[in-house]
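Asks: Take a look and give me a structure for this.
(one chain, ligands or ions: 2)
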Amino acid sequence: MEILSYAGGDRVVKTNPVLIVLFGATGDLAQRKLYPSFFRLFRSGALAERFAVIGTARREWSDAHFRDVVSDSIQSFQPTEAEKAAFLSHFYYRAHDVSDVEHYVHLKEWADKLDDKYDLEQNRMYYLAMAPQFFGPIVTHLKGQQIVTDKGFNRVVIEKPFGMDYASAEKLNNEITKVFPEEDIFRIDHYLGKEMIQNILAVRLTNPFLEPSWNREYIENVQITFSEELGVEERGGYYDHSGALKDMVQNHILQVLSLLAMEPLAAVSDANIQTAKIKALNDVRVYSPEEVRENFVRGQYAAGRLGDEGFVAYQEEPNVASDSRTETFVAGKFMVDNPRWKGVPFYVRTGKRMTEKGTRVNIIFKKVPVNPFDAEKDVPANDLTIYIQPTEGFALTMNRKEIGQGFNTQPIKLEYRHDSEMMENTPEAYERLTYDVILGDATNFARWEEVAQSWRIVDAIRETWDSEDTEIPKYAARTMGPKEAFDLLEKENHQWAWRPDEWYRERGLLKG
Ligand SMILES: NC(=O)C1=CN([C@@H]2O[C@H](COP(=O)(O)OP(=O)(O)OC[C@H]3O[C@@H](n4cnc5c(N)ncnc54)[C@H](OP(=O)(O)O)[C@@H]3O)[C@@H](O)[C@H]2O)C=CC1
Ligand SMILES: O=C1O[C@H](COP(=O)(O)O)[C@@H](O)[C@H](O)[C@H]1O
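Replies: Residues are numbered from 1 along each chain as shown. Ligands and ions are numbered 1, 2, ... in the order given. The predicted structure is shown next:
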């Protein structure tokens with residue numbers, strides 16, 4: 001049952017009482033993302049008095065040590081001592097090996113005890129922040145040892161990666177759906193919790209001048225760039241078996257593509273959005289090997305320099321094989337075969353150790369067929385840019401007449417960025433998504449059919465690459481990827497709309 005909690009003053013926050021059982025409580029994700037998110041929910045009143053967290057992992061931690069760890073991870077919010085103490089008093093730790101049945105017996109005792117203590121109405125969220133091979137066994141034991149309750153809600157949050165290909169994802173899905181109905185399975189894609197990704201639909205559906213032009217008549221191509229400055233850091237062990245295609249394209253990039261390509265909705269609900277996204281993904285062409293070779297390129301970063309700083313090659317990173325053929329960069333062209341998008345390329349690129357962090361979408365509109373002021377001179381295309389991170393906002397480039405005599409035209413940018421104060425108050429993706437789970441809102445989560453279709457699309461690319469032993473193009477660390485990624489667009493008379501300043505600087509086109 002939903003209750004209202006008061007977050008100070010007269011602000012009312014909708015919430016539910018809940019016990020969060022967190023698997024992987026000692027891990028990186030929990031410490032960097034989840035505890036800070038829980039704290040922000042606590043501060044806002046969305047997690048109020050009636051919540052408790054049981055953290056589990058194999059390490060033999062006491063409650064006191066667990067609370068110290070959680071306390072460290074929320075330090076940047078500068079909580080008062082009283083606020084911190086109140087928040088931490090809801091945290092409990094139980095050492096637990098997920099493959100040991102006995103441990104679930106103790107977990108159940110603790111879950112029931114905390115349920116009574118905090119009056120949680122048997123509402124439970126099981127957050128699986130662990131490696132995917134554990135997801136199946138955990139849900140099976142949750143059911144087998146009757147930790148799943150009869151009365152309240154029982155929602156399971158599954159971290160990515162959801163499988164490593166279609167077959168493993170389907171097996172995992174079968175294991176989970178034996179225990180939880182689809183509406184209680186929350187497959188996290190943290191990009192769906194980001195402010196500007198949620199804004200894609202708001203902008204599309206509430207600006208009537210845009211929707212009529214959101215199709216092949218007006219749009220020349222769509223570009224999705226998710227570039228990362230960082231290398232693989234300490235995640236080489238995972239990444240070397242994954243690569244950029246599975247790590248970023250199968251989930252985040254295809255999710256964003258489906259939001260851009262889906263049919264408009266008259267009324268928004270989680271079911272409507274998910275159904276429209278599934279339809280868009282089903283229309284994405286699954287490539288033949290020949291089409292993969294034509295439309296997708298990969299790359300791996302070699303050693304590089306930017307300014308005074310030097311960077312090692314991917315193959316020299318910790319826990320990466322010295323002869324690794326894993327791609328750290330992907331660029332490609334997707335086609336959405338339906339009447340709205342026939343013939344419009346959706347270009348995507350993502351990579352590690354690129355020039356800078358930049359997540360953005362460029363919608364490139366068609367140019368005027370002839371410049372009415374000077375038929376010899378091309379007029380630049382309009383470009384609607386959605387800045388996702390690090391900066392958030394929109395820009396629309398338009399053409400205007402240069403001031404003065406004649407009709408020389410010139411592109412100008414109409415721009416909106418959130419100000420820094422507003423961004424500090426913007427809920428972080430994990431905070432938003434955790435809150436959605438508490439409320440039972442699945443809008444920003446992926447349904448099985450979306451995950452399944454994304455794997456079919458990506459498996460076709462992976463299988464072609466795996467069947468070939470061709471050289472993987474190298475790009476110098478802290479550049480925008482291999483030359484092949486630029487050729488991919490140039491052969492179709494297109495070019496990447498976003499090139500960071502450094503790209504222009506290297507070519508002597510920008511001073512300073
Ligand atoms: N870190 C990140 O930024 C992101 C992570 N993810 C996903 O989140 C999940 C967790 O990632 P991350 O936190 O980085 O991983 P970590 O390796 O840091 O943490 C793994 C956790 O699992 C626990 N664990 C391992 N084996 C067992 C076992 N047999 N029984 C009980 N607990 C066990 C570990 O604790 P202990 O050793 O004490 O048992 C630890 O708490 C993964 O699926 C990852 O892909 C997704 C997006 C981003
Ligand atoms: O899921 C993942 O995302 C991160 C990038 O996320 P962001 O929110 O920092 O943009 C990526 O670094 C990681 O490899 C991948 O697993």
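
Asks: What helix or strand is the residue of the stretch 351-500 of the chain found nearest ligand 1 located in?
Replies: For the stretch 351-500 of the chain and ligand 1, the shortest gap (C-beta to the nearest ligand atom) falls at Y430, measuring 9.3 Å. All C-beta atoms are positioned from the backbone trio N, CA, C, and that covers glycine. For Y430, the enclosing helix or strand under DSSP states H and E is helix 429-439.

Asks: after that helix, next one along is what?
Replies: helix 448-466.

Asks: Now do that next one, average pLDDT.
Replies: For helix 448-466, the mean per-residue pLDDT is 98.

Asks: Now do it: distance to the chain's middle.
Replies: 17 Å (C-alpha atoms, centre = their mean, to the nearest Å).

Asks: name the helices or strands packed onto the helix or strand that comes right after that helix?
Replies: Sequence-wise, the next helix or strand downstream of helix 448-466 (DSSP H and E) is strand 474-476. Packing partners of strand 474-476 (3 or more C-beta pairs under 8 Å, 6 or more residues apart in numbering; DSSP states H and E): strand 296-302, strand 304-306.

Asks: if we can go back for a sec, any buried residues in the helix holding Y430, and which?
Replies: 429-438 (16 or more other C-beta atoms under 10 Å).

Asks: gap between that helix and the chain center?
Replies: Distance, centroid of helix 429-439 to centroid of chain: 14 Å (C-alpha atoms, centre = their mean).

Asks: near ligand 1, which residues of the chain?
Replies: 24-30, 57-59, 96-99, 129-132, 159-161 (C-beta under 6 Å from any ligand atom).

Asks: Inside strands: which ones of the residues you listed?
Replies: Members of these lying in strands (criterion: DSSP state E): A57.

Asks: Quick check, the residue in the stretch 201-350 of the chain closest to ligand 1?
Replies: For the stretch 201-350 of the chain, C-beta to the nearest ligand atom, closest residue to ligand 1: Y238, 6.4 Å.

Asks: now do the stretch 151-300 of the chain
Replies: Closest point on the stretch 151-300 of the chain to ligand 1, by C-beta to the nearest ligand atom, is E159, at 3.7 Å.

Asks: Could you list which residues are in contact with that residue?
Replies: 29, 128-130, 132, 188 (C-beta atoms under 8 Å, 6 or more residues apart in numbering).

Asks: Try it again at 6 Å.
Replies: 129, 188 (C-beta atoms under 6 Å, 6 or more residues apart in numbering).

Asks: Likewise for G55?
Replies: G55 is in contact with 22, 25, 66, 93, counting by C-beta under 6 Å, 6+ apart.

Asks: Go ahead and report the secondary structure state at the third one.
Replies: On the three-state scheme (DSSP: H, G, I helix; E, B strand; the rest coil), F66 is labelled helix.

Asks: From L47, how far out is it?
Replies: From F66 across to L47, the span is 17 Å (C-beta to C-beta, to the nearest Å).

Asks: Can you pick out the residue with more neighbours from those two?
Replies: L47 (28 against 22; other C-beta atoms under 10 Å).

Asks: Leaving out the residues flanking it, which one is nearest to the more buried one?
Replies: Leaving out its chain neighbours, the residue that sits closest to L47 by C-beta to C-beta, 6 or more residues apart in numbering is L41, at 4.3 Å.

Asks: so the one you found sits right up against F51, yeah?
Replies: No - look at L41 against F51 with C-beta atoms under 6 Å: they stay out of range, at 8.6 Å.

Asks: Do you have the strands of the stretch 301-450 of the chain handy? List them.
Replies: Ranges of strands in the stretch 301-450 of the chain, per DSSP state E, counting those that start in this stretch, are 304-306, 309-311, 329-335, 345-351, 358-365, 383-389, 393-401, 409-417.

Asks: Give me the angle between the last one and strand 393-401.
Replies: Put plainly, it is strand 409-417. Calculated by axes from the mean of the first three to the mean of the last three C-alpha atoms, to 10 degrees, strand 409-417 forms an angle of 160 degrees with strand 393-401.

Asks: For strand 409-417, enumerate the helices and strands it packs against.
Replies: For strand 409-417, the contact count by 3 or more C-beta pairs under 6 Å, 6 or more residues apart in numbering; DSSP states H and E identifies strand 393-401 as packing neighbours.

Asks: Can you give me the buried ones in the strand it packs on?
Replies: Those would be 393-397, for strand 393-401 by 16+ other C-beta under 10 Å.

Asks: what are the pairing partners of it, and which direction each?
Replies: With DSSP bridges as the test, strand 393-401 is paired with strand 383-389 (antiparallel), strand 409-417 (antiparallel).

Asks: Show the model's pLDDT score for the residue of the chain found nearest ligand 2.
Replies: In the chain, the residue that lies nearest ligand 2 is D247 (4.8 Å; C-beta to the nearest ligand atom). D247 carries a pLDDT score of 96 in this model.

Asks: Which residue is the nearest non-sequential neighbour of the residue of the stretch 351-500 of the chain closest to ligand 1?
Replies: The nearest residue in space to Y430 (C-beta to C-beta, 6+ apart) is S37, at 4.1 Å.

Asks: Point out where the protein drops to low pLDDT.
Replies: For the chain, the stretches flagged by pLDDT under 70 are 1-12, 420-422, 424-425, 510-512.

Asks: Return the residues of it in contact with ligand 2.
Replies: So far as C-beta under 6 Å from any ligand atom goes, the chain lies against ligand 2 at 228, 247, 359.

Asks: Now with 8 Å, please.
Replies: Neighbours of ligand 2 within the chain, by C-beta under 8 Å from any ligand atom: 160-161, 190-191, 194, 226, 228, 230, 232, 235, 238-239, 242, 247-248, 251-252, 352, 357, 359, 389, 429.

Asks: What residue in this structure is the furthest from its centre?
Replies: Relative to the centre of the chain, and counting by C-alpha atoms, centre = their mean, the farthest-placed residue is Q405 at 49.0 Å.

Asks: check contacts around that residue.
Replies: Contacts of Q405 (C-beta under 6 Å, 6+ apart): none.

Asks: what about E449, neighbour count?
Replies: 16.

Asks: secondary structure class for the residue nearest to it when sequence neighbours are not counted?
Replies: Of all residues not flanking E449 in the chain, I278 sits nearest, at 4.6 Å (C-beta to C-beta, 6+ apart). Counting by three-state DSSP, the backbone at I278 sits in helix.
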